[in-house]
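Enquirer: generate a structure from the sequence data that follows.
(one chain, ligands or ions: 2)
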Amino acid sequence: MAILITGGCGYIGSHTCLELIRAGYDIAVLDNYCNSKPEVLGRIRELAGRDFPFFPCDIRDEKALRAVFDAVPVQAVIHFAGLKAVGESVRDPLAYYDNNVGGTVTLCRVMQQAGCRCIVFSSSATVYGKDNPSPLREEMPVGRVENPYGRTKYIIETLLQDLCASDPAWSAMLLRYFNPIGAHESGRIGEDPAGIPNNLMPYIAQVAVGRLEQLSVFGNDYNTPDGTGVRDYIHVTDLARGHVAALAYALRHTGAEAVNLGTGKGCSVLELVHTFERVNGIPVQYRIAPRRPGDVDVCYADPAKAARLFGWRAEKTLDDMCRDSWRWQSLNPQGYDA
Ligand code: NAD
Ligand code: WQD
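Expert: Residues are numbered from 1 along each chain as shown. Ligands and ions are numbered 1, 2, ... in the order given. Down below sits the predicted model:
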């Protein structure tokens, strides 16, 4: 039996493929490459020293998805496939509801028909909205979300909870990621955003490598020690290992569980910039710019539930994250396009 990874060619998916193989699982991967490149598959295989089946498939295509489940006996699904750009979701909500919500409905229907009822889902800390104070705990109220992207995550969480309530055989882990950064320590796989990055670390790395001129720090008048926004940055390899631990739990338990995957430590924008400069010995040009609409001042996890439920804790430091992001960016200045 294999673990099927939807969106396995993406940033978090590619790192999770590797950690699953390392942990001894057989995997199968599907992706429609809407935000990734085929090149990554060769790199995962090279690092794993092993081959695995890949299906170029869109999760909204029910027939194609059924063919995947016919070809591979699937024990559980780790579901990364989705669109994730907050600003784009405001401009084009239908694309987000169609891909994220519609795609997940189709996926769950095909899983059910195939008798596979175990799913690990990529949710987001964004479901906590603006009103809850950090550290964010899983039992806090969710759903007062600021943007269509975040609402699709909340809706999918609700959908999976309803599914588990309807049939006690279903098992769903709703993993609420905080801010994944870093890359595999080899520098062979990493984050490769299309166009101008929306997120802080890929922006810093592209300034450092000379692809972009200057970082805009969005606001220095927040209610934080240095005035810049505070987030819970987590190394993508720690995050990937969190999936392995959550999967093992999901295979032994039924029902839906929401679980934070974060470090529990907040870090400001300027702290991240200065850590990157110190660890890598590279200057990062920046200027202070106006606040970005929709941003909160502070957001970090209470990670206790993941430790209690499945014994997972983030282990890597901010220095590791900055070093590994830079190794990936400097070895692959144009990402997978080189
Ligand atoms: P990513 O864009 O790098 O990976 C997503 C992958 O899914 C891509 O390879 C894309 O081509 C594929 N995909 C998208 N729609 C598809 C479809 N309909 N059919 C098949 N494949 C499809 O993003 P990521 O950063 O690796 O994020 C993975 C998941 O985690 C996403 O669901 C995202 O919303 C969620 N998440 C990400 C973050 C973050 O900061 N990166 C934070 C919280 C949650
Ligand atoms: C981090 C900090 C910015 C860019 C987003 C999504 C969230 C989740 C993770 C998917 C903030 C500041 C950023 C820049 C800056 N994704 N910043 N200059 O906003 O915490 O979360 O990604 O689920 O849903 O909203 O991450 O990396 O965009 O920003 O000053 O050019 O860096 O203001 O304080 P964010 P981010």
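Enquirer: tell me where this structure has strands.
Expert: Remark: strands assigned in the chain by DSSP state E are 2-6, 27-31, 54-56, 74-79, 118-124, 171-177, 179-181, 215-218, 230-231, 233-235, 255-261, 267-268, 286-289, 298-299.
Enquirer: Ala314 is nearest to which of those?
Expert: Taking Cβ to Cβ, strand 233-235 is the member of the strands of the chain nearest to Ala314, at 5.4 Å. Heads up, the C-betas are built off the backbone N, CA and C, glycines and all.
Enquirer: the closest one packs against which elements?
Expert: strand 179-181, helix 318-331 (3 or more Cβ pairs under 8 Å, 6 or more residues apart in numbering; DSSP states H and E).
Enquirer: contacts for the shortest one next, please.
Expert: If you take Cβ atoms under 8 Å, 6 or more residues apart in numbering as the criterion, strand 179-181 is touched by 11-12, 125, 191, 199-201, 231-236, 239, 321, 325.
Enquirer: okay, now Arg308: neighbour count?
Expert: 10 (other Cβ atoms under 10 Å).
Enquirer: from ligand 1, how far out is it?
Expert: Look at Arg308 and ligand 1: by Cβ to the nearest ligand atom, to the nearest Å, they are 22 Å apart.
Enquirer: max pairwise distance over the contacts of strand 179-181: which two?
Expert: Greatest spatial distance among these (Cβ to Cβ): Ala125 and Ser325, at 19.6 Å.
Enquirer: of the contacts of strand 179-181, list those near ligand 1.
Expert: 11-12 (Cβ under 6 Å from any ligand atom).
Enquirer: in ChimeraX, select just the buried ones from the contacts of strand 179-181.
Expert: Buried members of the contacts of strand 179-181, defined by 16 or more other Cβ atoms under 10 Å, are picked up in ChimeraX with:
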select :11,12,125,191,199,200,201,231,232,233,234,235,236,239,321,325
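Enquirer: point out the most buried one among the helices and strands packed on strand 233-235.
Expert: Most buried of the helices and strands packed on strand 233-235 by mean neighbour count (mean count of other Cβ atoms under 10 Å) is strand 179-181; its value is a mean of 24.
Enquirer: and stretch 281-298, how far apart are its ends?
Expert: Chord length of stretch 281-298, first to last residue, is 28 Å (Cα to Cα, to the nearest Å).
Enquirer: run the chain-centre distance for it.
Expert: 21 Å (Cα atoms, centre = their mean, to the nearest Å).
Enquirer: run through the residues that contact Thr152.
Expert: With Cβ under 8 Å, 6+ apart, Thr152 has these contacts: 82, 89, 96-97, 100-101.
Enquirer: meant to ask about Ala76, not that
Expert: By Cβ under 8 Å, 6+ apart, the neighbours of Ala76 are 3-4, 116, 118-120, 171, 247, 250-251.
Enquirer: leaving out sequence neighbours, find the closest residue to the closest residue to ligand 1 within the chain.
Expert: Using Cβ to the nearest ligand atom, Gly10 is the residue of the chain that sits closest to ligand 1, at 1.9 Å. Among residues not flanking Gly10 along the chain, Ser36 sits closest, at 5.0 Å (Cβ to Cβ, 6 or more residues apart in numbering).
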